[in-house]
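# Generate a structure from the sequence data that follows.
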Amino acid sequence: MADQIPVTNQSLAQYAGAVINTLQEPLLIIASDAKVLFANPAFYRKFLVSTGDTIGRDIYALGSGQWDIPDFKKNIEEIISHKATFNTYEIKLVLPDLGPRTVLLNARHIPDVMPEAILILIEDVTDGREAEHKLLLSEVRYRKLFETAKDGIILIDPVTEKIIDANPFLLALIRYSKEEILGKELWEIGAVKDISYAKKMFEELQATGYVRYEDMPIKSKDGQEHEVEFVSNRYPIDGTEMIQCNIRDITERKAAEKKAATYLEGLEKLNRMMTGRELTMIELKKEIQLLKEKLNPPEG
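As a prediction, the model looks like this:
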């Protein structure tokens, strides 16, 4: 068995000092009267203060007085009087050259080293909080767009091929509740008329990451048929693949196109009738009336 290297209090102290000095987080050691006994290099870098402006001074008077916070004082006094601790205690500080910052403090007694001393570790979480806030705002914006979109939207897990979300417009279009379609494959919901067509489309989507179909027939739960434009993309969100299907109801557009085609057909017929001979006004009015009746048939 190899000889163990003897460990002395001095060597332990040197090791602890080396660890503290290489910490990236600022660290303070204060006495029971709240005066600073020690600060590591990270503290001086973060708060832009010198040793002379720090050691021996009351913690609440450091810098421009940014530590002079009533609730922080109360917590420090609690630690001093009751040998308590606090973990991830959040405060707001204004730092030189950095402005407002959010920091988390962890504080406790260190009786084995300095019985009356308190160690305070400081973690700046401002950037992380701002990133979380931006992500939250992004999620809120997306959810608002998702919920208010005038196109139907379905989100699908590309691995399970199951529907994981659908927006209100889509549900109103197909007359199904969200509970009736969540966890189902696209072709399993009753709205899809041609299952083999839908499966083929989904295979293409999985292979290429994009599909577009302009004339996809669907049927709502109450039996009403719709012609829809179907556009789907596969893309990553925060490292996770997602499939988004946008479904636009083009039933009215298709009906208008058919109406316009009928109108053009009628005009062409009139044009052919006028070629080579003159139409009397009576004949012309009769043809126009027939065309109108064809375009706008009486109800019932």
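# Please read off the pLDDT at the residue positioned nearest the centre of the chain from the model.
The chain has E139 as the residue nearest its centroid, 3.3 Å off, counting by Cα atoms, centre = their mean. pLDDT recorded at E139 is 75.
# Equivalent analysis for N40, please.
On the pLDDT scale, N40 is placed at 91.
# ditto for the one 10 residues further on
The model reports S50 with a pLDDT of 88.
# What helix or strand is H226 located in?
Using DSSP states H and E, H226 sits in strand 225-237.
# M216 now?
Applying DSSP H and E as the criterion places M216 in strand 210-219.
# that older thread, name the helices or strands packed onto the strand holding H226?
Using 3 or more Cβ pairs under 8 Å, 6 or more residues apart in numbering; DSSP states H and E, the elements in contact with strand 225-237 are helix 195-208, strand 210-219, strand 240-249, helix 251-274. Every residue, glycine included, has its C-beta placed from N, CA and C.
# Among the ones you listed, pick out the one with the most neighbours on average.
Comparing the helices and strands packed on strand 225-237 by mean neighbour count (mean count of other Cβ atoms under 10 Å), strand 240-249 ranks first with a mean of 17.
# Off-centre distance for it?
For strand 240-249, the gap between its own C-alpha mean and the chain's C-alpha mean amounts to 16 Å (Cα atoms, centre = their mean, to the nearest Å).
# and the angle for it with helix 195-208?
Using axes from the mean of the first three to the mean of the last three Cα atoms, to 10 degrees, the direction of strand 240-249 lies 140 degrees away from that of helix 195-208.
# Run me through the strand neighbours of strand 240-249, direction for each.
Using DSSP bridges, the strands paired with strand 240-249 are strand 152-156 (antiparallel), strand 225-237 (antiparallel).
# With mean neighbour count added, can I get those in JSON lines?
JSON lines is the format used below for the strands paired with strand 240-249 (neighbours: other Cβ atoms under 10 Å):
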{"stretch": "strand 152-156", "mean neighbour count": "20"}
{"stretch": "strand 225-237", "mean neighbour count": "16"}
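# before we move on, back to that, and the helices and strands packed on strand 225-237: which comes nearest L171?
strand 240-249 (11.2 Å; Cβ to Cβ).
# report the angle between the axes of that closest one and strand 210-219?
Going by the same axes, to 10 degrees, strand 240-249 makes 50 degrees with strand 210-219.
# what is the mean pLDDT for strand 240-249?
Taken as a whole, strand 240-249 has an average pLDDT of 88.
# With stretch 63-78 instead?
86.
# cool, and stretch 206-217?
Average pLDDT, stretch 206-217: 83.
# could I get it in PDB with only the CA atoms?
In PDB, the C-alpha atoms belonging to stretch 206-217 read as follows (Å, rounded to 0.1, in the frame of the first residue of the first chain):
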ATOM      1  CA  GLN A 206     -41.400  12.600 -42.800                       C
ATOM      2  CA  ALA A 207     -39.000  12.100 -45.700                       C
ATOM      3  CA  THR A 208     -38.700  15.700 -47.000                       C
ATOM      4  CA  GLY A 209     -39.700  17.800 -44.000                       C
ATOM      5  CA  TYR A 210     -42.300  19.700 -46.100                       C
ATOM      6  CA  VAL A 211     -45.600  19.000 -47.900                       C
ATOM      7  CA  ARG A 212     -48.200  21.200 -49.500                       C
ATOM      8  CA  TYR A 213     -51.600  20.100 -50.900                       C
ATOM      9  CA  GLU A 214     -54.100  22.600 -52.300                       C
ATOM     10  CA  ASP A 215     -57.100  20.400 -52.500                       C
ATOM     11  CA  MET A 216     -57.400  18.100 -49.500                       C
ATOM     12  CA  PRO A 217     -61.000  17.100 -48.700                       C
END
